[in-house]
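Peer 1: this one's structure only:
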């Protein structure tokens, strides 16, 4: 049994959620996952099956995450509130679960212990009710919410939550659990056990859940300490369409509806331009991040509208890609038989020919792995840790360095750490992952040439590429044939006779000569550019 004293009246509490006695206490709470459902609110005397060793009758009202089964995971989130008192007290019990208090919606508090120390409380006392007191006195006046997290093979049960001052000692002392056993037919228990065992392991992903909707104040000059009047939630004025819809809750659903509204051509037009940009090297509008009044007008507005209309018919991105890559424009060479084409269309904006462009850093790395015979085409799996050079020092440096070749996995599987980026990739304009980048910068700087000559990763692949070519001597191929095959593999074209003669003349009987040959091919401009 629990103390009879109502915690609502202890030390002038700002509020309380008493799940045992107040039928409205659950109102306004948000569920994530399957473990917390509206049926999770148990009244005194009800029977619970999943969260205990066997059927037990609840001695006091509570919310319980394992009403249906322990194998279900999820979260329960409180409405947002303003911190007015120094503590948040939670009377709870649980196993392999957590309580978290979020300040100003900052959900990364798990990784910022310096700022949010003690905001996460572990629950691992299934047989004892215990008060968890979280000190929030540093954040008076800030917004906050509480979350109960059941993401393991345990449970969490909560009786009440109080936001107030310090609690009396007799309320803080742990209380042993005394639940009444309930005898049920064996066939019923066996059926429940089979259902529990059949539950699949949940797949988790980051997702948004509507919490407590509220209008945010306008911050004068961006200063959070100088808030102005709240700005009402609404849609961007640039969205075409009829009357603005009534905003319900956060307004995200209304925003999503307007984004794909048939009367809104902007979404399909932006998507079509981005697809053209990534496939052709340059968008019909060269500012894919801004197709508004501050961006560049498309060179072919009718073509952009044609692609957008076809895409909007079924929102099929693969179909859009297929339409572009099967076009005549995509199959063009970078040269034109008519010399007037260069005079009329010097930069290829009129689509008279293809634009010569350098491949991205990821493609360049993957291409070198392919031609050296090293690429591991395995799909999926965990990321490969970044290779740490001696010069890569600083706060947060990983304790373990990854292999220099990234386990021969594709670049998409390479770990990206914001403070320890791969020098080779950044030299070839891989965007810094601090923000999004719809259009990458394309530079041509001496660092790139030096990287192709001296980078240990390049040197390693040159050794492999050269050894792969020389191994064909044992199969009866001549040096001329092998060099021709290496050129074809690297440049995706047939070799020219003069280049075969030049490269073959550099070979001798040593492995180093084959390595130098392979290195010259990998470091060439033709290997880095698409024509």
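Peer 2: Now that the structure is in, tell me what you want to look at. The structure presented is a predicted model; accordingly, all values stated were derived computationally and were not measured.
Peer 1: and the gap between the residue sitting nearest the centre point of the chain and residue 30?
Peer 2: By Cα atoms, centre = their mean, the chain has its centre lying nearest to residue 206, at 7.4 Å. From residue 206 over to residue 30 the distance is 16 Å, taken as Cβ to Cβ, to the nearest Å. Placement of C-beta: from N, CA and C, glycine included.
Peer 1: same thing with residue 97?
Peer 2: Residue 97 is 17 Å from residue 30, where distance means Cβ to Cβ.
Peer 1: before we move on, back to that, which SS state does the residue nearest to the centre of the chain fall under?
Peer 2: coil (DSSP: H, G, I helix; E, B strand; the rest coil).
Peer 1: residue contacts, it?
Peer 2: Applying Cβ atoms under 8 Å, 6 or more residues apart in numbering to residue 206 gives no contacts.
Peer 1: could you do residue 329 as well?
Peer 2: Per Cβ under 8 Å, 6+ apart, neighbours of residue 329: 280, 351.
Peer 1: cutoff 7 Å now
Peer 2: Taking Cβ atoms under 7 Å, 6 or more residues apart in numbering, we find residue 329 in contact with residue 351.
Peer 1: roughly how far does it sit from residue 190?
Peer 2: In this view, residue 329 and residue 190 are 67 Å apart by Cβ to Cβ.
Peer 1: tell me how far stretch 213-227 lies from the chain's centre.
Peer 2: Using Cα atoms, centre = their mean, to the nearest Å, the mean C-alpha position of stretch 213-227 is found 27 Å from that of the whole chain.
Peer 1: residues in contact with that stretch?
Peer 2: With Cβ under 7 Å, 6+ apart as the criterion, stretch 213-227 contacts 80, 228, 229, 230, 231, 232, 233, 249, 250.
Peer 1: contacts only, for the closest residue in space to the first one that isn't next to it in sequence.
Peer 2: With sequence-adjacent residues excluded and distances taken as Cβ to Cβ, 6 or more residues apart in numbering, residue 80 is closest to residue 212, at 3.8 Å. Residue 212 sits next to 28, 79, 80 when contact means Cβ under 7 Å, 6+ apart.
Peer 1: among those, which lie within strands?
Peer 2: Among the contacts of residue 212, no member falls in strands (DSSP state E).
Peer 1: and what about residue 36, helix, strand or coil?
Peer 2: Secondary structure, three-state DSSP: residue 36 is coil.
Peer 1: that one contacts residue 74, doesn't it?
Peer 2: Yes - proximity of residue 36 to residue 74 meets the contact threshold set by Cβ atoms under 7 Å, at 4.9 Å.
Peer 1: if I look at these two, which residues touch both of them?
Peer 2: Counting by Cβ under 7 Å, 6+ apart, the contacts common to residue 36 and residue 74 are residue 65.
Peer 1: between the two, who's got more neighbours?
Peer 2: residue 36 (28 against 19; other Cβ atoms under 10 Å).
Peer 1: quick one: contacts for that one?
Peer 2: 65, 74, 75, 76.
Peer 1: now swap in residue 429 and tell me
Peer 2: 361, 440, 441, 442, 443.
Peer 1: hmm, which of those residues are the buried ones?
Peer 2: With burial judged by 16 or more other Cβ atoms under 10 Å, the buried subset of the contacts of residue 429 is residue 361.
Peer 1: turn the contacts of residue 429 into CSV, including secondary structure.
Peer 2: Converted to CSV, the contacts of residue 429 look like this (three-state DSSP):
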residue, secondary structure
361, helix
440, coil
441, coil
442, coil
443, coil
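Peer 1: just to revisit the earlier point, rank the contacts of stretch 213-227 by pLDDT and give me only the lowest.
Peer 2: Across the set of the contacts of stretch 213-227, residue 249 stands lowest in pLDDT, at 80.
Peer 1: so that one: helix, strand or coil?
Peer 2: Assignment for residue 249 (three-state DSSP): coil.
Peer 1: the nearest residue to residue 202 once chain neighbours are set aside: neighbour count?
Peer 2: Excluding its sequence neighbours, the residue lying closest to residue 202 (Cβ to Cβ, 6+ apart) is residue 73, at 4.8 Å. Residue 73 is flanked by 23 other residues according to other Cβ under 10 Å.
Peer 1: re earlier: which one of residue 97 and residue 30 has more residues nearby?
Peer 2: Each of residue 97 and residue 30 has its neighbours counted (other Cβ under 10 Å); residue 97 has more, 26 against 16.
Peer 1: could you dump the contacts of residue 212 into a markdown table with distance to residue 458 and neighbour count added?
Peer 2: Shown next, in a markdown table, are the contacts of residue 212 (distance: Cβ to Cβ, whole Å; neighbours: other Cβ atoms under 10 Å):
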| residue | distance to residue 458 | neighbour count |
| --- | --- | --- |
| 28 | 59 | 13 |
| 79 | 56 | 16 |
| 80 | 53 | 17 |
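Peer 1: residues contacting the closest residue in space to residue 176 that isn't next to it in sequence?
Peer 2: Setting aside the residues directly before and after it, residue 176 is nearest to residue 128 in space (Cβ to Cβ, 6+ apart), at 5.9 Å. Counting by Cβ under 7 Å, 6+ apart, residue 128 makes contact with 93, 174, 175, 176, 177.
Peer 1: for ChimeraX, write the selection for the buried entries among the residues you listed.
Peer 2: The ChimeraX command for the buried members of the contacts of residue 128 (criterion: 16+ other Cβ under 10 Å) is given here:
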select :93,175
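Peer 1: so how far is residue 484 from residue 498?
Peer 2: Residue 498 sits 12 Å away from residue 484, taking Cβ to Cβ as the criterion.
Peer 1: and those two? which has more neighbours close in?
Peer 2: Neighbours were counted for residue 498 and for residue 484 using other Cβ under 10 Å; residue 484 has more, 20 against 8.
Peer 1: any idea of the pLDDT on residue 345?
Peer 2: Residue 345 is assigned 88 on the pLDDT scale.
Peer 1: my guess is it contacts residue 352. True?
Peer 2: Yes - between residue 345 and residue 352 there is a contact at 4.4 Å, judged by Cβ under 7 Å.
Peer 1: just checking, the residue nearest to residue 202 touches residue 150?
Peer 2: Yes - if you go by Cβ under 7 Å, residue 73 and residue 150 touch, sitting 5.9 Å apart.
Peer 1: can you work out which residues contact both of these two?
Peer 2: In contact with both residue 73 and residue 150: residue 35, using Cβ under 7 Å, 6+ apart.
Peer 1: that older thread, what pairs with the strand or helix carrying the residue nearest to residue 176, parallel or antiparallel?
Peer 2: Per DSSP states H and E, residue 128 falls inside strand 120-135. Taking DSSP bridges as the criterion, strand 120-135 forms sheet pairs with strand 87-103 (antiparallel), strand 175-176 (antiparallel).
Peer 1: is residue 32 located within a strand, as I assumed?
Peer 2: Yes - membership of residue 32 in a strand is supported by three-state DSSP.
Peer 1: setting aside sequence neighbours, what's the nearest residue to it?
Peer 2: What sits nearest to residue 32 in space, not counting adjacent residues and going by Cβ to Cβ, 6+ apart, is residue 75, at 4.2 Å.
Peer 1: so which helix or strand takes in that neighbour?
Peer 2: Counting by DSSP H and E, residue 75 is part of strand 74-77.
Peer 1: who does that strand pair up with?
Peer 2: Strand 74-77 is paired, per DSSP bridges, with strand 30-33 (antiparallel), strand 143-150 (antiparallel).
Peer 1: which other helices and strands contact the next helix or strand after it?
Peer 2: Next along the chain after strand 74-77, taking DSSP H and E as the criterion, comes strand 81-82. Under the contact criterion of 3 or more Cβ pairs under 7 Å, 6 or more residues apart in numbering; DSSP states H and E, strand 81-82 touches strand 143-150.
Peer 1: taking strand 143-150 as reference, get the angle to the helix or strand that comes right after the strand it packs on.
Peer 2: Following strand 143-150 in sequence order, the next helix or strand is strand 155-164 (DSSP H and E). Angle, strand 155-164 to strand 143-150, by axes from the mean of the first three to the mean of the last three Cα atoms, to 10 degrees: 160 degrees.
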